[in-house]
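Colleague: Give the three-dimensional model of this entry:
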Amino acid sequence: MLKIGAVAFFTTYSMPPAELGLLLEERGFESLWVPEHTHIPLSRQKAYPGGGGLIRAYYDIMDPFLALNAAATATKRLKVGTGIALVPQRDPIVTAKMVSTIDQLSQGRFLFGVGNGWNQEEVENHGTVFADRHKVARERIEAMKTIWAEENPEYHGSFVNFAAMQQWPKPYQRPHPPIIVGGAFPHAARRAIRYGDGWIPRADWLEQDGMGELVGQFRRMATEAGRDPASLPISIFRMPEELDHRRLSRGGSHCGEFSATAGAAMNNSHGSVSRPRADTTTRHRQPFEAPGHSKTRKILVGRASGSLDKRIQ
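Modeller: Numbering: from 1, shown residues only. Now for the predicted structure:
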């Protein structure tokens, strides 16, 4: 089943999220994803994982929840997701309410993409020790799940601690929106299996060892951990522009339902979106179901700099 998503860096000089959301929905896109960076420190110890310098949009990007809510308000079917939200930089009680609110306002169209961050200074400016960020993220996600699921939630951990309280609204999707864990294999894949509802790798990271091989390893890891691989869809970011003959492994074999498509980041103020071919597009309209159910969702999400004016092959 093919699903198409687009990643967008919304800035003061980009296409507005409501306008882009409408264009994507009209053309059969399944989802719109927005990254998060609260700020970019001027000193940096850790290199950018993508290589090279940061594009200007990293400094100028808008808040993802506000941008996604604008897109959700203007659309009816388009799913909206954080791609990704930096959990070690976020208060879990505040974030739990933000997730529940946007999920309610969008009537269950929110996808909670999460990650732990690569920019040490950015993470530590929020009071999180960089070396602790993975443990911090796990506890904050566990705490948010408790808030969403229970009437009088409480959580007591090493990094998150609160006594019994109440918070409403609860999410529209029950028990909560899908938590899709971003990052490279194998560490992020293990985190996705431990507390997530899906995994977000990047296409260029998967290609290094063969996409089909790593996807197979991920599914075997899920099975060994007692998780149903069908409950852990894979959303591949940064797909290349030419995708009709996408090779998913070094041997050239294709992996199950993985079809190929691409989206783009709107880094300019103008642009148009071309319609995907009718024979390769399927809209996903079923509600998200908790792990253990038979239905799955698989999204291939692409990102390319520039405008969305190139035909999707």
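
Colleague: CA atoms for contacts and neighbours, from now on please.
Modeller: OK.

Colleague: Mind jotting down where the strands sit in this protein?
Modeller: 4-7, 31-34, 79-86, 110-115, 155-156, 161-162, 179-182, 199-200, 235-236, 299-302 (DSSP state E).

Colleague: Correct me if wrong: D103 contacts F110.
Modeller: Yes. Judged on C-alpha atoms under 8 Å, D103 makes contact with F110 at a distance of 5.1 Å.

Colleague: out of the strands of the chain, nearest to A225?
Modeller: Closest of these to A225 is strand 199-200, at 15.0 Å (criterion: C-alpha to C-alpha).

Colleague: what packs against the closest one?
Modeller: Judged by 3 or more C-alpha pairs under 8 Å, 6 or more residues apart in numbering; DSSP states H and E, strand 199-200 is in contact with strand 179-182, helix 187-195, strand 235-236.

Colleague: And for that strand, what's in contact with it?
Modeller: The contact list for strand 199-200 (C-alpha atoms under 8 Å, 6 or more residues apart in numbering) reads 113, 180-183, 188-189, 192, 232-237.

Colleague: again, only this time at 7 Å
Modeller: Strand 199-200 has contacts (C-alpha atoms under 7 Å, 6 or more residues apart in numbering) with I180, V181, G182, G183, A189, A192, L232, P233, I234, S235, I236, F237.

Colleague: most surrounded residue in those residues?
Modeller: V181 (31 neighbours; other C-alpha atoms under 10 Å).

Colleague: ok, now how distant is that residue from P17?
Modeller: From V181 over to P17 the distance is 23 Å, taken as C-alpha to C-alpha, to the nearest Å.

Colleague: can you list the weak-confidence ranges in the stretch 201-313 of the chain?
Modeller: 240-313 (pLDDT under 70).

Colleague: got the angle between the single longest helix found in the chain and helix 187-195?
Modeller: Using DSSP state H, we find that the single longest helix of the chain is helix 133-149. Note on geometry: by axes from the mean of the first three to the mean of the last three C-alpha atoms, to 10 degrees, helix 133-149 and helix 187-195 are set 30 degrees apart in direction.

Colleague: From E30, how far out is P92?
Modeller: In terms of C-alpha to C-alpha, P92 sits 28 Å off from E30.

Colleague: ranges for the helices of the chain?
Modeller: Using DSSP H, helices in the chain cover 17-26, 57-60, 64-74, 92-105, 120-125, 133-149, 187-195, 203-207, 211-224.

Colleague: Need the ones you listed in JSON lines (columns: distance to F159).
Modeller: Putting the helices of the chain into JSON lines (distance: least, C-alpha to C-alpha, whole Å) gives the following:
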{"stretch": "helix 17-26", "distance to F159": "34"}
{"stretch": "helix 57-60", "distance to F159": "28"}
{"stretch": "helix 64-74", "distance to F159": "24"}
{"stretch": "helix 92-105", "distance to F159": "11"}
{"stretch": "helix 120-125", "distance to F159": "14"}
{"stretch": "helix 133-149", "distance to F159": "6"}
{"stretch": "helix 187-195", "distance to F159": "17"}
{"stretch": "helix 203-207", "distance to F159": "31"}
{"stretch": "helix 211-224", "distance to F159": "27"}
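
Colleague: for H156, what are its contacts?
Modeller: F162.

Colleague: Return the set of buried residues in stretch 129-149.
Modeller: 130, 133-134, 136-148 (16 or more other C-alpha atoms under 10 Å).

Colleague: The residue nearest to F112 when sequence neighbours are not counted - how many residues pack around it?
Modeller: Leaving aside its chain neighbours, F112 sits nearest to I179 (4.9 Å; criterion: C-alpha to C-alpha, 6 or more residues apart in numbering). Using other C-alpha under 10 Å, I179 is surrounded by 22 other residues.

Colleague: Nothing else from me, thank you.
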